[in-house]
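**Q** The following block contains a protein sequence and its predicted model.
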Amino acid sequence: MTVSFSPYLNSRQAEINAGINNANTEIIPGILEKEKISFDDFLVLLSPGAGRYLDDMAMKAKTLTDKHFGKNINLYIPMYLSNECNSNCVYCGFNRMSKIQRKTLTINEIAVEAEKIREYGMTNILLLTGDSKENATLEYIERAVKEVKKLFSQVSLEIYPLDTQNYKRLVDSGATSLTIYQETYDRKIYEKVHKGGAKEDIEYRLAAPERALEAGFRKIGIGALLGLSDWRTEAACLAIHAEYLMKKYWRADLSISFPRLRKSGSGFRPYCDVADKELAQMIFAFRIFLDRAGIVLSTRESPYFRDNMIGYGVTMMSAGSKTNPGGYAANGEGSGKQFETEDGRTVKEISEAIKNAGYYPVFKDWEKALGGVKK
């Protein structure tokens, strides 16, 4: 497949830099009164001076969230199938140089994990693997999808990039959505942190969401790891990517994640710190710009931050997360984690926090009968 997004993004780099650095924040009150803001307006909301309008941005984000999504927070839970990896992403606890215990779950172990997770009341599961096609083969992932599909209505994937034909095989197996983070849109940083393995190919990864949507995935999730490069520039590139996909594949549902780097077995320290207020500013700006996109906040974030963001842009949260194979039924024995979570509360506890905020925890949000997606 010809990469169509990459040159489009490259052509807008000067616009991004000029918009963020030369933003006139005095126009923000007027921006917040608009029914639909432009990309230039979005850049203003990302700018350093916009921080003094954070409360106003929060209220605008809340109004739009309630309008388009109601008082619902969709919940999902991750299941790690394998932590074996051939790549050397310097920030990741799974990278091939990490001295962690490696494990790939058998199909029987997957079934046991799925049964344990289902006891929590969850119906939306995210299956993850490391970047090892030898251990987590396409056929293995197909079998895993079919196995958990027996218990879960929604089966999402976060795996290594594939071509369109192989993505279609996973759709046909019952997978309903795909999440793939670009990690960073900064090409120099991307090259610096991805030394070895198939992940070195930035263009192939950049085009993965399009291939997945061409293959028939109904939902796609994208994001950038916060801590590798300047967060404002990353956010602008991510917004361009999201807007591009939403226009080209307008029947699909798109969600955006904002994962901050956390402590892992790699020992990596973020190049750039992202404060809570900056993350909140980013989420508010995205909600105001892309008012119909889903926004995901994972257990990477603290309970305090997550609780205070309920209703203010966020539409989906993970709950009860374990980041290693066998983390639920086997308590993670014999396998290393990808990273440490900040919110260690149970599904029940997170559900109660959502209710206490005046919102509803949702465990299922669509039926298979709604079908797939076409351009």
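**A** All right, it came through fine.

**Q** Hmm, Cys89 and Asn95 touching each other?
**A** Yes - with contact defined as C-beta atoms under 8 Å, Asn95 counts as touching Cys89 (5.1 Å). Using the backbone N, CA and C atoms, a C-beta is placed for each residue, glycine as well.

**Q** Who are the contact partners of Ala319?
**A** Leu75, Tyr76, Ile77, Tyr120, Met122, Thr299, Arg345, Thr346, Val347, Ile350, Ser351 (C-beta atoms under 8 Å, 6 or more residues apart in numbering).

**Q** I meant Ile107, not that one.
**A** Shown in contact with Ile107 (C-beta under 8 Å, 6+ apart): Arg143, Ala144, Glu147.

**Q** After the biggest helix by length in the chain, which helix or strand is next? Please name it.
**A** In terms of residue count, the longest helix belonging to the chain (DSSP state H) is helix 231-248. Downstream of helix 231-248, the next assigned helix or strand under DSSP states H and E is strand 253-257.

**Q** what's the helix or strand following that next one packed up against?
**A** As assigned by DSSP H and E, the chain's next helix or strand after strand 253-257 is helix 276-289. If you count contacts as 3 or more C-beta pairs under 8 Å, 6 or more residues apart in numbering; DSSP states H and E, helix 276-289 packs onto helix 39-46, helix 54-69, helix 231-248, strand 294-297, helix 303-309.

**Q** Put together a markdown table for these, with mean pLDDT on each row.
**A** Listed next are the helices and strands packed on helix 276-289 as a markdown table, based on pLDDT from 0 to 100:
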| stretch | mean pLDDT |
| --- | --- |
| helix 39-46 | 95 |
| helix 54-69 | 98 |
| helix 231-248 | 95 |
| strand 294-297 | 98 |
| helix 303-309 | 97 |
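
**Q** Quick one: these as CSV, columns for distance to Gly196 and mean neighbour count too.
**A** Supplementary listing: the helices and strands packed on helix 276-289 in CSV, determined by distance: least, C-beta to C-beta, whole Å; neighbours: other C-beta atoms under 10 Å:
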stretch, distance to Gly196, mean neighbour count
helix 39-46, 33, 21
helix 54-69, 40, 17
helix 231-248, 23, 20
strand 294-297, 29, 21
helix 303-309, 34, 17
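
**Q** Tell me which of these sits nearest to Arg12.
**A** Of all those, helix 231-248 sits nearest to Arg12, with 5.9 Å by C-beta to C-beta.

**Q** pLDDT score assigned to Gly372?
**A** Confidence at Gly372, expressed as pLDDT, is 43.

**Q** start the count at 48, not 1, going forward
**A** In the new count, where the first residue is 48, that last one comes out as Gly419.

**Q** got any ranges where the protein has weak pLDDT?
**A** 48-50, 412-422 (pLDDT under 70).

**Q** Thr223 versus the closest residue to Arg309 other than its chain neighbours, what's the distance?
**A** Nearest non-adjacent residue to Arg309, counting by C-beta to C-beta, 6 or more residues apart in numbering: Phe386, 4.5 Å away. Between Phe386 and Thr223 the computed distance is 25 Å (C-beta to C-beta, to the nearest Å).

**Q** cool, and Lys266?
**A** Remark: distance between Lys266 and Thr223 (C-beta to C-beta) = 6 Å.

**Q** quick revisit: which ones are touching the residue nearest to Arg309?
**A** With C-beta under 8 Å, 6+ apart, Phe386 has these contacts: Cys139, Gly140, Leu308, Arg309, Lys310, Ser311, Arg347, Thr370.

**Q** just to revisit the earlier point, make TSV out of the helices and strands packed on helix 323-336 and add distance to Asp210.
**A** Output for those, formatted as TSV (distance: least, C-beta to C-beta, whole Å):
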stretch	distance to Asp210
helix 86-93	31
helix 101-116	33
helix 278-295	18
strand 341-344	26
helix 350-356	36
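
**Q** Ramachandran coordinates for Phe315?
**A** phi -70, psi 140 (degrees, to the nearest 10).

**Q** burial of Ser134, as a residue count?
**A** 21 (other C-beta atoms under 10 Å).

**Q** er, Tyr100 I mean
**A** When neighbours are counted by other C-beta under 10 Å, Tyr100 comes out with 19.

**Q** How much space separates it from Glu325?
**A** For Tyr100 relative to Glu325 (C-beta to C-beta), the value is 14 Å.

**Q** What is the strand ranked longest in the chain packed up against?
**A** Longest strand in the chain by number of residues (criterion: DSSP state E): strand 119-127. For strand 119-127, the packing partners by 3+ C-beta pairs under 8 Å, 6+ apart come out as helix 154-165, strand 171-175, strand 201-205, strand 363-365, helix 394-403, strand 407-409.
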